[in-house]
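**Student:** Show me how the following folds:
(chains A and B)
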Amino acid sequence: MARVTFREERCKGCELCIAVCPEKIIVLAEHINAMGFHPATVVEQEKCKGCAMCARMCPDVVIEVEREVAEA
Amino acid sequence: MMKKVFTRPKALTDKPFHYCPGCTHGIIHRLVAEVIDELGVADNTVGVCPVGCSVFAYNYFNVDMFQASHGRAPAVATGIKRSLPDRVVFTYQGDGDLASIGTAEIIHAAARSEKFTTIFVNNAVYGMTGGQMAPTTLLGQKTTTTPKGRDKEQAGFPVKVAEMLSTLDGAAYVARVSVHNPTHVNKAKKAIKKAFEVQISGQGFALVEVLSTCPTNWGMPPNEALKWLEENMIPYYPLGIYKEPAEVK
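**Tutor:** Numbering: from 1, shown residues only, chains lettered A, B, ... in the order given. From the prediction side, this is the model:
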């Protein structure tokens, strides 16, 4: 199980995350944020594997990723 | 148990970057900050900003920062490192800053083997001033001052900084990396970390050239710019480690 969180107010809609997501679950939202961009958002959170490819490519450090890890 | 596997590095402030959408400066800033965090040197680090788009980097790195005159970051870093040798010192410079007006400073800092680290961001164009030809602009590349493409008869050839500096005995570590996909972002981080470690172990001057995009001045969407980088810049600017110190046994 994994969860990805976007700080939408910082997103500039550049789409670099969309291109690298292996599950293709990131889209640009219909609404615009305060900067006037359509922010990236996740449509099917349950499909997220927590690979963090999106976060690694995000030039604005918008994305945080949490993932289920085995207890030590 | 849910665990954060990716979060904002502590060596970045919370201030949003002013860069254009899709500009890879943001990725490179984050990599430098992650390396500072991993090495645990944030309290002991001094960065020097250039003139160019990244002139405001002092707002983003959560460490002591200077802002140098155009091209002079290596001279300022030399002064900081020589007077405070226990600090970790880095410069963050673009190609207009480092490869044009700052050519003398970077060459002689490398030749003197000054013990600081330079992150050299090469996007083959002058970004801040509006997309003019840079020393690193590729032959045939269109810019506002080369509207028909860079012509070698008129403007000569692009400067290969990593290759040039690796010929100097004083340069301890020189590498060229790219950030056009997640794999290369990881490789870029490893090179940046190595460049900091070379400085910390006192082995001499270290430079990482990072191939970067400028979607705005290249006139293309960010993802197309990454593809353009891969297809056009990497063939002329080959990636790899050009020089590294022999491992101390």
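**Student:** okay, CA-based contacts and neighbour counts for the rest of this
**Tutor:** Will do.
**Student:** strands paired with the helix or strand hosting A:V27, and their directions?
**Tutor:** Under the assignment given by DSSP states H and E, the secondary-structure element containing A:V27 is strand A:26-28. As defined by DSSP bridges, the strand partners of strand A:26-28 come to strand A:40-42 (antiparallel).
**Student:** And the helix or strand following the partner strand, what does it pack against?
**Tutor:** The helix or strand immediately downstream of strand A:40-42 is helix A:53-57, counting by DSSP H and E. Contacts defined by 3 or more Cα pairs under 8 Å, 6 or more residues apart in numbering or on different chains; DSSP states H and E place helix A:53-57 against helix A:16-20, strand A:63-68, helix B:182-200.
**Student:** rerun that using 10 Å as the cut-off
**Tutor:** If you count contacts as 3 or more Cα pairs under 10 Å, 6 or more residues apart in numbering or on different chains; DSSP states H and E, helix A:53-57 packs onto strand A:2-6, helix A:16-20, strand A:63-68, strand B:2-6, helix B:25-39, helix B:182-200.
**Student:** now the last one against helix B:25-39, angle please.
**Tutor:** Interaxial angle of helix B:182-200 relative to helix B:25-39 (axes from the mean of the first three to the mean of the last three Cα atoms, to 10 degrees): 50 degrees.
**Student:** in helix B:182-200, what counts as buried?
**Tutor:** Taking 16 or more other Cα atoms under 10 Å in any protein chain shown as the basis for neighbour counts, the residues of helix B:182-200 that come out buried are B:182, B:185-186, B:188-189, B:191-200.
**Student:** just the fourth one next, same as before
**Tutor:** Of all the residues in strand B:2-6, those buried under the rule 16+ other Cα under 10 Å are B:K4, B:V5, B:F6.
**Student:** how many other residues sit next to residue 39?
**Tutor:** Since you didn't name a chain, this refers to chain A. By the criterion of other Cα atoms under 10 Å in any protein chain shown, A:P39 has 25 neighbours.
**Student:** you looked at the wrong chain, it should be chain B
**Tutor:** Counted with other Cα under 10 Å, the neighbours of B:L39 add up to 13.
**Student:** And for B:L84?
**Tutor:** Counted with other Cα under 10 Å, the neighbours of B:L84 add up to 12.
**Student:** which stretches of the chain aren't confidently modelled?
**Tutor:** With no chain named, the answer covers chain A. Within chain A, the stretches falling below the threshold (pLDDT under 70) are A:72.
**Student:** that answer is for a different chain, and I need it for chain B
**Tutor:** For chain B, the stretches with pLDDT under 70 are B:247-249.
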